[in-house]
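> Quick one, structure for this:
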Amino acid sequence: MESQRSFLFIALMVVTFLLYQQWQLDHAPVQQPVATNQVDSSVPNTSSNDEFVPVSSTATTPVVKPTTSSAALVEVTTDVLKIKINTQGGDIVEATLLDYETEQGSGVPFTMLQNGTFKYIAQSGLTGAQGIDRVVKGRPIYQVESNHYQLTGEEPLVIDLSYVANNGLSVIKRFTFEKSNYKVNVDYIIDNNSDAAASIELYAQLKQSSLVDTSSALIPTYRGAAYSTKEERYEKYDFEDIADANLNVTTQGGWVAMLQHYFVSSWIPNQTEANLLYTSFTSNQDAVIGFKSPALIIEPKQQATASASFYVGPKDQDALEKIADGLDLTVDFGFLFMISSPLHWLLLQIQALVVNWGVAIIIITIIVKGVMYPLTKAQYTSMAKMRELAPKMAQLKERFGDDRQKMSQATMEMYRKEKVNPAGGCLPLLIQMPIFLALYWVFLESVELRHATFGLWLQDLSSKDPYYILPVLMGVSMFIMQKMQPMTVQDPMQQKIMQYMPVMFTIFFFWFPSGLVLYWLVSNVISIIQMKIIFAGIEKKKAS
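As a prediction, this is how the structure comes out:
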């Protein structure tokens, strides 16, 4: 197979794959709701417009009036997080990541959770027959000693919110923060001071406005919900899915999450219990995903504890892997994760040595091209042999004319005698294509590359080149490679396509992360050097 046709084929496959990724985001299939006349008591009740609490699996006592105290915000600051907790319900209504800027160089920390026009909050509470978030109208308003807390030193920061209900339950909602940790432990310590057994169910959910543009031109990134079960370690459930059908899955352990580019928030329940994972869609077009734990029976004059963990922060694979099984898969490397994961690990190891991310990308490119050199040599050697057979191919065409069967037989016989594999130039390219796509997802999904600086005009390798210098250089390198490979295709249309391919790819790469374009440019430069070495070796062998 001629080199130009091989390259055109691979290029079109790359473009098709990337466009298909965007099409999937825009036209993702959604689950259709099942028609039924019965009300499922295990899924959330969405009859209210904005505030809702998952319904109880047991009978619920009548709703009582809320306390007369007014709600307030409690501000908690650690070395990596700034959290705001609403005393009404004890929800986390704002989360700012202090080590990540909103815009590079702005000095403004990135706010992930917020309760403004674009709602994105983390809620938790107690439902069930005696659950205070179910029986108290408008949800309970907790009491707290202070409205400002700051983590100092190495010891964890513990914040208690307390509430005494009319049904005899005394509840402490305890938040525990640790240094340099994006995970927050949430414990409910419940004392049953009544004369009857109490049944409560812990729930926790993430609520986010679905009125957000999730498209990203040629760089598709996912924004939406995800969950994990014992059977499915990682499953996306986007806003359209939530709007069309309520998720209702019971699993041992599991977790629920909201994903966006580079960051994730997640509720992780007790991993030894059978938890119900659910979704809901409010009339305000807020998408909700959450879990509900099994009923906890508290005997009179006894105490019980219900616990969960909440993570809000970067998609750090190592940290997420330690929190819950499959949570690290929110760093979504796609179907090529088996290639992307080791490449991501190698990139981190290299960066730890050289510090500069741009240099690390150059080094990993050299390593990849070095490992792939035997395939590259086979590819270019096959191309050279195919060019040498071009005159004989022309003779066969004159001899057999339009008799395709005889032409095919004669061609295969010639390949056998000359010991040439017609797929020798294409197969190595097909093997190398997954490497490129795997690195594409590594550069796209690695939060470590967010706002990573290379030098000169490249101050953010996760965004496009502001001056389009790298894409232009990449196009020039493609043009040089094209000139080093004589045009062997005879079809005029294919010739024109090949001539304009460098221009097409240059424009296409304008919107790619500059780190990926850097990889492609360096890869092309190395390929040019390898081509010169391989072709020179072939000519030297022929001359001798």
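> which one is Glu418 nearest to, not counting chain neighbours?
Spatial nearest neighbour of Glu418, chain neighbours left out: Leu389 (6.3 Å); criterion: C-beta to C-beta, 6 or more residues apart in numbering. From N, CA and C alone the C-beta is placed, and that goes for glycine too.
> And Tyr234, by the same measure?
Tyr234 sits nearest to Leu329 (C-beta to C-beta, 6+ apart), 3.7 Å away.
> part of a strand, is the one you found?
No - counting by DSSP: H, G, I helix; E, B strand; the rest coil, Leu329 falls outside a strand, being helix.
> thought it was touching Glu232?
No - between Leu329 and Glu232 no contact is recorded; they are 10.2 Å apart, counting by C-beta atoms under 8 Å.
> From Lys542, how far out is the residue nearest to Glu418?
Per C-beta to C-beta, to the nearest Å, Leu389 is found 14 Å from Lys542.
> repeat for His451
On the measure of C-beta to C-beta, His451 and Lys542 end up 52 Å apart.
> higher neighbour count, these two?
Legend: neighbour count by other C-beta atoms under 10 Å for His451 and Lys542, higher for His451 (18 against 9).
> Just give me the neighbour total for the nearest residue to the more buried one once chain neighbours are set aside.
By the measure of C-beta to C-beta, 6+ apart, the closest residue to His451 outside its immediate chain neighbours is Gln104, 4.4 Å from it. Other residues near Gln104 number 13, with proximity taken as other C-beta under 10 Å.
> give the contact list for the residue nearest to Tyr234.
Counting by C-beta atoms under 8 Å, 6 or more residues apart in numbering, Leu329 touches 228, 233-234, 337.
> mind listing the helices for the chain?
Under the criterion DSSP state H, the chain contains helices at 3-26, 132-135, 239-244, 317-323, 337-354, 357-371, 373-388, 390-400, 404-418, 427-445, 469-484, 492-508, 514-543.
> Tell me which of those is the most buried.
Comparing the helices of the chain by mean neighbour count (mean count of other C-beta atoms under 10 Å), helix 132-135 comes out on top with a mean of 25.
> Please report how far the nearest residue to Val184 once chain neighbours are set aside lies from Tyr415.
Spatial nearest neighbour of Val184, chain neighbours left out: Phe310 (4.7 Å); criterion: C-beta to C-beta, 6+ apart. To Tyr415, Phe310 is 63 Å away according to C-beta to C-beta.
> quick revisit: what's the closest of the helices of the chain to Arg223?
Across those, Arg223 has its closest neighbour in helix 239-244 (8.2 Å, C-beta to C-beta).
> rewinding a little: neighbours around the residue nearest to Val184, how many?
Phe310, neighbours per other C-beta under 10 Å, totals 21.
> now do the one 3 residues further on
Here the number of neighbours of Gly313 (other C-beta under 10 Å) works out to 23.
> Specify the beta-bridge partners of it.
Val264 (DSSP bridges).
> Met112 reaches Leu97, doesn't it?
Yes - between Met112 and Leu97 there is a contact under C-beta under 8 Å: 6.0 Å.
> what residues are shared contacts of these two?
Shared contacts of Met112 and Leu97, defined by C-beta under 8 Å, 6+ apart, comprise 263, 312-313.
> What does the pLDDT read for the residue nearest to Val184?
Per-residue pLDDT puts Phe310 at 98.
> Equivalent analysis for the one 5 residues further on, please.
Per-residue confidence at Lys315 stands at 95 (pLDDT).
> Kindly tell me how buried it is, as a neighbour count.
23.
> any idea how far the closest residue to Thr251 other than its chain neighbours is from Ala306?
Using C-beta to C-beta, 6+ apart and skipping the chain neighbours, the partner closest in space to Thr251 is Thr229 (3.8 Å). With distances taken as C-beta to C-beta, Thr229 is found 21 Å from Ala306.
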